[in-house]
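Colleague: sequence first, predicted coordinates after that:
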Amino acid sequence: MTRRSPCAKVGPRRPGRVRRAAVCAAAGVWLWLAPAGAREAQEPQFRGGTNLVRLDVYVSKDGATVTDLTAADFEVFEDNAPQTVTAFELVPSRGPVPETARAESNTVAESRSRVQQPDARAFVLFLDTLHVQLEGSYRAANPVAALLDRVIGADDLVGVMTPEMSPSNMTFSPRSGPIGDMLRAGWAWGERGALTTSDPREQDLQLCYPDAFGTAGLAKAVIERRRQQQTLRALGELVDHLERLREQRTFVLLLTEGWTAPRPDESLAAALRAPDGTTQAPPPVAPIGVTPDGRLGTGPGSGPLASCERERQLLALADLDGLFRQLSERANRANVSFYPIDARGLVVFDDPIGPARPAPPDVDRARLTARQNAMRMLAEETDGVAVVNMAPERALPRLLTDIGAYYLLGYTSTNTKLDGRYRRLTVRVRRPGVTVRARPGYLAPTAREVARGTAAAAAAANANANANAVPGQSPGGTTRVTEALARLPVARRAPAVYLDAAAGAGAITAVVEIDRAAAAADWAKGGVVRLAVTSAERASALRAAAETTLAAGTRLHVAHLPDGAPLPPGRYQVRLEALAEGARSPVVVTTLVDVPSEGALIGTALLASRRGPGTGRTFEPTADVRFRRTERLRLEVARLSPDAAIAARLLNRGGQVMQVPVDVTDLPPGDGGPARVAAEVALAPLAAGEYVIEVTATRGASSETRTYALRLVP
């Protein structure tokens, strides 16, 4: 899988809309082909002075994506110098998929790993709780939930954030259903215009500045500035977090009613007036020290009013307009597009009619215009669209176009200087009437960045080699641990059906497991599973077959193949066709298994069983490699040599032995089958992650080892 650069869209040139392009060097080798661990976080790598640049280009006509262009239709200019397109790819659009087809991430680390994948599209729903009225949060629930259902497709991820949150606490999920349920059930999240506030600091400001006499309206003005600063800072932190987290474009659906983004206001910082009209000096700031009773505290004059006065002075002189303009520039560098949505629809007045005293009509109108202009400006400067004075559903066509198909272009820059300067990009299409959007430019690397990137890559490569080494083996060599971990399925989505197989003397045992989500949906009425064993060398040579009907509610099936003459030693393919009741086509899963030769000590693979809260006191066979800390794991393998000594140990993904005991016991033969050995471990002491259980059989100078990789989830 190739890794795409952050270069996304290019449109009209706008100040500050730059970001270092994903560039690498070495003839014909792209940076996005390098292992993720070999790259310093979000730091481009360069070598040899050759800059390879990639651009995501969006082409549309009359609101529809154009998908029939070729490489010859594009012209790319860097600082007006023509460039030769050497790489061209059309990335097709992806439509929405059912919730059952979207697999949740098991850990926060896995969630962040998925959002960094080059083929993943990321969405963030930012709920501006401080600038949305209660009516707006109610009206937005259904339209926004429907919008997410329409745009979230396969491999897409969505996160939710509010101004009170830190972006580092945000997780990305492939499922939009729970977000829609949250919006509908907890619709009362809008706080703008509320009579009371849940923020203790805002309560202090209201007590410090009563809405009467010389402080009438002062608390409202200070709180409004404070809220705008809080939201803009949260958005800035979100942009910085996304820039560090991923290179590809991120779509931020911003549910807000906008901001006035005022400049510094010295009148707001003016001295307070007493009821008699005299100037009231602010209380002095008292130093922090030790009080007479030996406690840490402050002296007189440092009460709530002093604290309110300090914050009022700071907020009055804060340049929120500059903070807002910096937000759009930072978003462009981070490849983030904002889609502000005013949930109120058609708006006549900015201030709600009660319970607080509204502003005069001319002031209200100016504030409403400023809020809507801010939303439009943020959208235009980040290549999004603002949904203002219209229903949120109106944003759907444009958003679907923006996240539709696009072209991935690559070229080798003719400018090989490592000067760190901004290079302007222009992309044209040799077809009239089309709209082209791509990144307007990038910052070239510097010699220092090249050196730092090369050193980081070498250090990361050495670290990975050492981390993957098992004690006693040479670093960088192929180990049993890395081979076992490589067999773990990629944690992107849970399959509907799992298949695992192991072999003993002349026989294969297959375990078929229906995923719990699929069992409750597609397999609610049961279905049919068909197993076929063929020679891996000659797929047409059928050696065994079996068919079983699973009743409704049945998730497990264990089959012993063949039911007759034993299989000769060799490699075989086990093919599963699972057809749910009412489905048109079966789910097909295959796996390879080796039937051991004569003289082998143990079977060729380990079959797992789990015991936990859902299984009672019995072990239940499983083909799913995901386990929880509340479970016990038991691995079984055929004992082919009665006098072989068998031991087991638990290793982490770096190959180090974990101080968690693995108990090995002999099991009696079942149903006339061979003797078996069980290796059992309690998972409670382990943290979430990936582990390998190693079972070794020894007889004299002979030794055989089998491995089983598992993923421990929260």
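Modeller: Nice, thanks for sending it over. Residues are numbered from 1 along each chain as shown.
Colleague: any low-confidence regions in the stretch 501-650 of the chain?
Modeller: Within the stretch 501-650 of the chain, the stretches with pLDDT under 70 are 537-540.
Colleague: what about the strands in it?
Modeller: With strands called from DSSP state E, counting those that start in this stretch, the stretch 501-650 of the chain shows them at 508-514, 527-535, 542-550, 556-561, 570-580, 587-595, 607-611, 620-622, 626-628, 632-638, 645-652.
Colleague: for Arg706, which of those is the nearest?
Modeller: Of all these, it is strand 632-638 that lies closest to Arg706, at 6.0 Å by Cβ to Cβ. To be clear about C-beta, it is placed using only N, CA and C from the backbone, and glycine gets the same treatment.
Colleague: now render the strands of the stretch 501-650 of the chain as TSV, adding mean neighbour count.
Modeller: Formatted as TSV, those follow (neighbours: other Cβ atoms under 10 Å):
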stretch	mean neighbour count
strand 508-514	23
strand 527-535	20
strand 542-550	16
strand 556-561	17
strand 570-580	20
strand 587-595	17
strand 607-611	20
strand 620-622	19
strand 626-628	18
strand 632-638	23
strand 645-652	18
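Colleague: figure out which of the ones you listed is closest to Trp189.
Modeller: Comparing those by Cβ to Cβ, strand 626-628 comes nearest, at 32.1 Å.
Colleague: who does the closest one touch, helix- and strand-wise?
Modeller: Using 3 or more Cβ pairs under 8 Å, 6 or more residues apart in numbering; DSSP states H and E, the elements in contact with strand 626-628 are strand 702-713.
Colleague: so for Ser93, which of the strands of the stretch 501-650 of the chain sits nearest?
Modeller: Using Cβ to Cβ, the nearest of the strands of the stretch 501-650 of the chain to Ser93 is strand 587-595, at 25.4 Å.
Colleague: so what secondary structure elements neighbour that closest one?
Modeller: If you count contacts as 3+ Cβ pairs under 8 Å, 6+ apart, strand 587-595 packs onto strand 497-503, strand 570-580.
Colleague: next, format these as JSON lines and append distance to Pro262.
Modeller: Shown next, in JSON lines, are those (distance: least, Cβ to Cβ, whole Å):
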{"stretch": "strand 497-503", "distance to Pro262": "58"}
{"stretch": "strand 570-580", "distance to Pro262": "60"}
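Colleague: nearest to Gly180 among these would be which one?
Modeller: strand 570-580 (26.5 Å).
Colleague: direction included, what does the closest one pair against?
Modeller: With DSSP bridges as the test, strand 570-580 is paired with strand 527-535 (antiparallel), strand 587-595 (antiparallel).
Colleague: quick one on the thing from earlier: out of the helices and strands packed on strand 587-595, which is closest to Gln203?
Modeller: Closest to Gln203 of those is strand 497-503 (Cβ to Cβ; 54.3 Å).
Colleague: and the contacts of that closest one?
Modeller: Residues external to strand 497-503 that are found in contact with it (Cβ atoms under 8 Å, 6 or more residues apart in numbering): 508-515, 518, 529, 567, 572, 574, 576, 578, 587, 589-591, 593-596, 603-608, 622-624, 637-638.
Colleague: what's the offset of it from the middle of its chain?
Modeller: In terms of Cα atoms, centre = their mean, to the nearest Å, the centre of strand 497-503 is set 30 Å apart from its chain centre.
Colleague: and it with strand 607-611, angle?
Modeller: Orientation note: strand 497-503 sits at an angle of 120 degrees relative to strand 607-611 (axes from the mean of the first three to the mean of the last three Cα atoms, to 10 degrees).
Colleague: how many neighbours does Gly700 have?
Modeller: Applying other Cβ atoms under 10 Å, we find 8 residues neighbouring Gly700.
Colleague: now do the same for it: its pLDDT.
Modeller: For Gly700, the model assigns a pLDDT of 90.
Colleague: mind listing what's buried along the top helix by length along the chain?
Modeller: Ranked by residue count under DSSP state H, the longest helix found in the chain is helix 218-245. Within helix 218-245, the residues scored as buried using 16 or more other Cβ atoms under 10 Å are 218-232, 234-239, 241-243, 245.
Colleague: kindly report the same for stretch 705-714.
Modeller: For stretch 705-714, by 16+ other Cβ under 10 Å, it's Arg706, Thr707, Tyr708, Ala709, Leu710, Arg711, Leu712, Val713.
Colleague: now those in JSON lines, with pLDDT and distance to Pro562?
Modeller: Converted to JSON lines, those look like this (pLDDT from 0 to 100; distance: Cβ to Cβ, whole Å):
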{"residue": "Arg706", "pLDDT": "93", "distance to Pro562": "22"}
{"residue": "Thr707", "pLDDT": "93", "distance to Pro562": "26"}
{"residue": "Tyr708", "pLDDT": "94", "distance to Pro562": "25"}
{"residue": "Ala709", "pLDDT": "92", "distance to Pro562": "28"}
{"residue": "Leu710", "pLDDT": "92", "distance to Pro562": "29"}
{"residue": "Arg711", "pLDDT": "90", "distance to Pro562": "32"}
{"residue": "Leu712", "pLDDT": "89", "distance to Pro562": "35"}
{"residue": "Val713", "pLDDT": "83", "distance to Pro562": "36"}
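Colleague: can you list the residues you listed in a markdown table and add distance to Leu485?
Modeller: Shown next, in a markdown table, are the buried residues of stretch 705-714 (distance: Cβ to Cβ, whole Å):
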| residue | distance to Leu485 |
| --- | --- |
| Arg706 | 15 |
| Thr707 | 9 |
| Tyr708 | 11 |
| Ala709 | 5 |
| Leu710 | 10 |
| Arg711 | 9 |
| Leu712 | 13 |
| Val713 | 15 |
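Colleague: which residue lies nearest the spatial centre of the protein?
Modeller: Central residue of the chain (Cα atoms, centre = their mean): Val115, 3.2 Å from the mean position.
Colleague: and that residue, what is it in contact with?
Modeller: Ala122, Leu157, Phe172, Leu245, Arg246.
Colleague: what two of those residues are the furthest from one another?
Modeller: Farthest-apart pair in the contacts of Val115 is Leu157 and Leu245; separation 10.9 Å (Cβ to Cβ).
Colleague: per-domain residue ranges of the chain.
Modeller: By the assignment in automatic domain parsing, the chain contains the domains 31-92+404-463, 99-272+301-401, 480-713.
Colleague: looking at the buried residues of stretch 705-714, which is nearest Phe324?
Modeller: Val713 (41.3 Å).
Colleague: wait, that closest one sits on Phe627?
Modeller: Yes - between Val713 and Phe627 there is a contact at 7.2 Å, judged by Cβ atoms under 8 Å.
Colleague: where in the stretch 101-250 of the chain is pLDDT low?
Modeller: The stretch 101-250 of the chain contains residues with pLDDT under 70 at 101-110, 118-119, 154.
Colleague: tell me, how many neighbours does Leu305 end up with?
Modeller: So Leu305, with other Cβ under 10 Å, has 17 neighbours.
Colleague: for it, helix, strand, or coil?
Modeller: Under DSSP: H, G, I helix; E, B strand; the rest coil, the three-state class of Leu305 is helix.
Colleague: give the contact list for the residue nearest to it when sequence neighbours are not counted.
Modeller: Closest residue to Leu305 apart from its sequence neighbours, by Cβ to Cβ, 6 or more residues apart in numbering: Cys208 at 5.2 Å. Each residue near Cys208 by Cβ under 8 Å, 6+ apart is listed here: Thr215, Ala219, Pro304, Leu305, Cys308, Glu309.
Colleague: need those residues in JSON lines (columns: distance to Trp187).
Modeller: What follows is the contacts of Cys208, written out as JSON lines (distance: Cβ to Cβ, whole Å):
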{"residue": "Thr215", "distance to Trp187": "34"}
{"residue": "Ala219", "distance to Trp187": "27"}
{"residue": "Pro304", "distance to Trp187": "34"}
{"residue": "Leu305", "distance to Trp187": "37"}
{"residue": "Cys308", "distance to Trp187": "33"}
{"residue": "Glu309", "distance to Trp187": "37"}
